[in-house]
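Q: Sequence and predicted structure, then a few things I'm wondering about:
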Amino acid sequence: QVQLVESGGGSVQAGGSLRLSCAASGRTFSGYRMGWFRQAPGKEREFVAVIMWSRGSTYYADSVKGRFTISRDNAKNTVYLQMNSLKPEDTAVYYCAAQSGAGLGVADFGSWGQGTQVTVST
């Protein structure tokens, strides 16, 4: 059973940085895709970034491209989301997710963490 635990959220001023971590356990993640999603109040959960665990290939939503970086540490079974040049519109609960298949939709990911709050103020 896959378990995902996020950490690293908090409050920051616009232009600042945060690094989120997602500790993964419960199986070997070779062949899996690990993603970050976010959900702002009153909005649907949306895709942010994904990384292929084995190859390290990455893909980003246009809204975060050039500002956010997803990475993983195989030895620690941890996925990271480095967020730079944060904007107030980045305020949301950020979720880590895992999938063994394909697709970038919420329904394509079968395992989820509990989420961590990121608040960006002006």
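A: On my side now, so go ahead.
Q: Buried residues, stretch 48-66. List them.
A: For stretch 48-66, burial by neighbour count (16 or more other C-beta atoms under 10 Å) applies to 48-51, 53, 60-61, 64. For glycine as for every other residue, the C-beta is placed from the backbone atoms N, C-alpha and C.
Q: got the CA positions of it in CSV?
A: Extracted in CSV, the C-alpha atoms of stretch 48-66 (Å, rounded to 0.1, in the frame of the first residue of the first chain):
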residue,chain,number,x,y,z
VAL,A,48,1.5,21.2,-11.3
ALA,A,49,4.3,18.9,-12.2
VAL,A,50,5.2,15.2,-12.7
ILE,A,51,8.5,13.2,-12.7
MET,A,52,9.1,9.7,-13.9
TRP,A,53,10.7,7.9,-11.0
SER,A,54,13.2,5.8,-13.0
ARG,A,55,14.2,8.1,-15.8
GLY,A,56,13.8,11.4,-14.0
SER,A,57,11.9,13.0,-16.9
THR,A,58,9.8,15.9,-15.9
TYR,A,59,6.8,17.9,-17.1
TYR,A,60,5.2,21.1,-15.8
ALA,A,61,2.0,23.0,-16.0
ASP,A,62,2.5,26.2,-18.0
SER,A,63,1.6,28.3,-14.9
VAL,A,64,4.7,27.1,-13.0
LYS,A,65,7.2,26.4,-15.8
GLY,A,66,10.5,28.2,-15.1
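Q: residue contacts, Gly26?
A: 1-3 (C-beta atoms under 8 Å, 6 or more residues apart in numbering).
Q: Save those as TSV, and put in pLDDT too.
A: Shown next, in TSV, are these (pLDDT from 0 to 100):
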residue	pLDDT
Gln1	89
Val2	93
Gln3	96
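Q: Show the buried residues in the residues you listed.
A: Buried residues within the contacts of Gly26, counting neighbours by 16+ other C-beta under 10 Å: Val2.
Q: With distance to Tyr80 and secondary structure added, can I get the contacts of Gly26 in TSV?
A: Below are those laid out as TSV (distance: C-beta to C-beta, whole Å; DSSP: H, G, I helix; E, B strand; the rest coil):
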residue	distance to Tyr80	secondary structure
Gln1	23	coil
Val2	18	coil
Gln3	17	strand
